[in-house]
Every structure is written in structure tokens, then in C-alpha cells.
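In: from the sequence below, what's the structure:
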Amino acid sequence: MGKFQSSKVFDGFSTVFRQWKAADTHCRFIHGYGISFKVYFEGELDARNWVWDFGGMKRAKTQISGMSPKEWMSFMFDHTMIIAEDDPEVEAFKQMDAAGVAQVRIIPATGAEKFAEYIYNKLNIFVKEETEGRVRVTKVTFMEHGKNAASYLEY
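Out: Residues are numbered from 1 along each chain as shown. Below you'll find the predicted structure:
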């Protein structure tokens, strides 16, 4: 017996971040990309024979951090500066946010791999709740400018 999967790409986001632990590379500096991410869904088909409604982020009743999924994606990744919570300069970045010169988002860690994991964790909870357990997210691939990609997947 087979499984059904589908996927959707979310794109059009511009964000900057830094990987402060990359002391020996230029990635320690604030730098930005046009980013996108591809989400892989798996589950039983609904009455329409769909695993996931490709427009489901727009019509969802379930929220992510008090926002619709589309609002959350824009809040997190559209013209934002993403900083790791353990960045030694986190307070300086928070001041930039307070001064209104940057939309700073603080998350556990930065970098393509950690962004993929972060998105996976947020969206998997959302999808399971929205579909009452019928569908789950199995993988998220995060892409920087279409050339670099990293994935986080369920085992």
C-alpha cells in the first residue's frame, strides 16, 4: 500500500541574518538573501482527493503564534533580520528593532539547516492541528537564493 505526498514552495521573502559562530568566514557578518522554502506533506486524502490544499495557508482556521500561516511567514521572513537567541550581540539587535530600523526576529539558531528545522517544527504542529491529524509535514527544505539549500526531515 502506497502513501500520498505533496509539496508546496513558499517564496518571495527577503531576510538578513548572521551566523555569529562562523568566526572564520564572512557568514559571521549580517548578510541577506531572497529565500524560499519547500514543505512536504504526507497523509490520507481528503474528500477532494488532496493531501494538502495548496491554498490551505490562506484559508486555515488554525494559527501559528497567534497569526494566520501566511501572516506568520511574512512576519518571520519578509524584510526581517533573524538573530540567534545566543548571539552575543543580541541586545544591540534588539535596540535596532526598538529604534525602528530593523524588524528583528529572535529564534533559537540561524543558518539554512536551523531555519529548515524551525519552519518544520512550526508548520508540522500547525498542519496536524488544521487537519485533525490526517496530514503531517515530513520535510522542509530551506533555500538561499535558489543555489544553497538545506533540509530538515522527519524520521
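In: please name every helix or strand in contact with the helix or strand hosting residue 39.
Out: For residue 39, the element it lies in under DSSP states H and E is strand 31-43. Under the contact definition 3 or more C-beta pairs under 8 Å, 6 or more residues apart in numbering; DSSP states H and E, strand 31-43 sits against strand 5-17, helix 112-130, strand 135-144. The way it works is simple: take the backbone N, C-alpha and C, and place the C-beta from them, glycine included.
In: same thing but 10 Å
Out: strand 5-17, helix 69-77, strand 80-84, helix 112-130, strand 135-144, strand 148-153 (3 or more C-beta pairs under 10 Å, 6 or more residues apart in numbering; DSSP states H and E).
In: could you give the average pLDDT over it?
Out: With pLDDT averaged residue by residue, strand 31-43 scores 96.
In: what pairs with it, parallel or antiparallel?
Out: According to DSSP bridges, strand 31-43 forms sheet pairs with strand 5-17 (antiparallel), strand 135-144 (antiparallel).
In: the residue nearest the centre of the chain: what's it in contact with?
Out: Taking C-alpha atoms, centre = their mean, the centroid of the chain lies closest to residue 119, which sits 3.3 Å from it. Counting by C-beta atoms under 10 Å, 6 or more residues apart in numbering, residue 119 touches 10, 37, 38, 39, 73, 76, 77, 137, 140, 141, 142, 152.
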